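Asks: give me the fold of what follows.
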Amino acid sequence: MSPDPLPGALLVAILGPTGSGKTALSLEIASRFHGEIVNCDSVAIYREFRIGTGKPTAEEQSHVRHHLLDEVEPTGYTTAGEYARKARNVIQEIRERGALPVIAGGTGLYLRALLDGLFPGPERSEALRERLRARAKEKGPQHLHRLLRRLDPKAAEKIHTNDVPKLVRAIEVSLSAKQPMSQQWERGRDALRGFTILRIGLDPDRALLYDRINRRVEAMFEAGLVEETRNLREKYGDAARPLETIGYKQVVQLLREELDVKQAIAAVQQAHRNYAKRQMTWFRREPEVEWISGFGDDPGVIEQAAGLIEKRG
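Replies: Predicted structure coming up:
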């Protein structure tokens, strides 16, 4: 069970698609309301992965205290449940210091685990996961999806055919618990208690968002994304799982000479645009979100968000 924080303490969660300005808004809010920022991005939690994650700069981090950035070794692994346990401890410490916890990041499952809790599934089995990942490489992710359809048709309906990490976890849970994961979803969740939660959602115009995403990817390549990926690959090889995530995965293909630079940039841009769509689909299902049209670095958006906090504070 999660520890009981101070009763009624305000917690702000800034959500939205990649490129929508969550980092900029979180910095402004934390600066204005004596806040500390808790990362909620599943790749930014890894050390040494900097350019492709769009982490706050060292200067930005010097102005506002950040948590759960650079928390996991490049060859390590963490689950949404493990993230939630760490984050809940952090936000309690933030409130005990009299500061405002500001959650920022685009990993919907991590945010749900933190705020709503997850079903009490079995402990992970790394040996089983490795076998399933090897099967996916050998026979394709469709093979895992077919296996999950046999084990748990309801879960298979909710997981994309190519989403190997979620397929692996769903199969692992179904096999380890000896019952479908979808049945375990129906059990009670350990929701965060003692906080008044304010979810602020960023909803910029889609065409403008896609243009910003495209320019942001170009900036990543100019900032040295290829060199960063090459160094990480040489240092850790396949043991660094973040190299399979958006941006890094396509650059690895470039380094393998499967893509040229122009194709790699286009592939990363497309992958980020597709991810933005999936994020908005996920976040639209979040309860009681105060949606604001625009980007997080727009002065009008910042003022609207500040007004929402002042009302709740």
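
Asks: give the rounded mean pLDDT of stretch 159-177.
Replies: Average pLDDT, stretch 159-177: 85.

Asks: and what of stretch 56-72?
Replies: 94.

Asks: outside of that stretch, which residues touch it?
Replies: 23, 27, 30-31, 35-40, 44-48, 55, 78, 83, 86-87, 90, 94, 99 (CB atoms under 8 Å, 6 or more residues apart in numbering). Every C-beta, even on glycine, is put in place using the N, C-alpha and C of the backbone.

Asks: now with 7 Å, please.
Replies: Under the contact criterion CB atoms under 7 Å, 6 or more residues apart in numbering, stretch 56-72 has outside partners 23, 27, 30-31, 36-39, 44-47, 55, 78, 86-87, 90.

Asks: kindly supply the ChimeraX command isolating those of these that are buried.
Replies: To isolate the buried subset of the contacts of stretch 56-72 in ChimeraX, counting by 16 or more other CB atoms under 10 Å, use the following:
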select :23,27,30,36,37,38,39,44,45,46,55,78,86,87,90
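
Asks: so which of the contacts of stretch 56-72 are in strands?
Replies: In strands, defined here by DSSP state E, the members of these are 36-39.

Asks: identify the farthest-apart pair in the residues you listed.
Replies: 36 and 39 (10.9 Å; CB to CB).

Asks: how close does residue 39 get to residue 180?
Replies: Separation of residue 39 from residue 180 (CB to CB, to the nearest Å) stands at 32 Å.

Asks: before we move on, what about residue 289?
Replies: From residue 289 to residue 180 the distance is 30 Å (CB to CB).

Asks: do residue 74 as well
Replies: 34 Å.

Asks: which one's more surrounded, those two?
Replies: residue 180 (19 against 16; other CB atoms under 10 Å).

Asks: which residues touch that one?
Replies: By CB under 7 Å, 6+ apart, the neighbours of residue 180 are 151-152, 154-155, 174.

Asks: from those residues, which single one is nearest residue 200?
Replies: Using CB to CB, those come closest to residue 200 at residue 155, 30.5 Å.

Asks: quickly find the element holding the closest one.
Replies: Take DSSP states H and E as the rule and residue 155 turns out to sit in helix 153-158.

Asks: could you do residue 259 as well?
Replies: Taking DSSP H and E as the definition, residue 259 sits outside all helices and strands.

Asks: so how many other residues sit close to the nearest residue to it once chain neighbours are set aside?
Replies: Take residue 259 and drop its neighbours on the chain: the residue closest to it by CB to CB, 6 or more residues apart in numbering is residue 253, 4.8 Å away. Residues lying near residue 253 (other CB under 10 Å) number 15.

Asks: now name the helix or strand holding residue 253.
Replies: Residue 253 belongs to helix 248-255, assigned by DSSP H and E.

Asks: just how off-centre is that helix within its chain?
Replies: Between the centre of helix 248-255 and the centre of its host chain there is 20 Å, according to CA atoms, centre = their mean, to the nearest Å.

Asks: tell me the helix or strand right after that helix.
Replies: Beyond helix 248-255 toward the C-terminal end (DSSP H and E), the next one is helix 261-283.

Asks: check which element follows the helix or strand of the chain with the lowest mean pLDDT along the chain.
Replies: Lowest on mean pLDDT, DSSP states H and E among the helices and strands of the chain sits helix 181-185, with a mean of 62. Counting by DSSP H and E, the next helix or strand C-terminal to helix 181-185 is strand 195-202.

Asks: now that next one: average pLDDT?
Replies: 97.

Asks: with stretch 86-105 instead?
Replies: Rounded mean pLDDT across stretch 86-105 is 97.

Asks: first-to-last residue distance for it?
Replies: Start-to-end span of stretch 86-105 (CA to CA, to the nearest Å) is 15 Å.

Asks: buried ones in that stretch?
Replies: Within stretch 86-105, the residues that count as buried by 16+ other CB under 10 Å are 86-88, 90-92, 94-95, 99-105.

Asks: what do you get for stretch 295-310?
Replies: Quick answer for stretch 295-310 (16+ other CB under 10 Å): 295-298, 301-302, 305-306, 308-309.

Asks: quick one: residues in contact with that stretch.
Replies: 12, 20-22, 24-25, 28-29, 32-33, 198, 200, 202, 204, 290, 292, 294.

Asks: now with 8 Å, please.
Replies: With CB under 8 Å, 6+ apart, stretch 295-310 has contacts from 10, 12, 14, 16, 20-26, 28-29, 32-33, 100, 198, 200, 202, 204, 208, 212, 290, 292-294.

Asks: ok, now how distant is the nearest residue to residue 44 once chain neighbours are set aside from residue 248?
Replies: Using CB to CB, 6+ apart and skipping the chain neighbours, the partner closest in space to residue 44 is residue 53 (4.3 Å). Distance from residue 53 to residue 248, counting by CB to CB: 9 Å.
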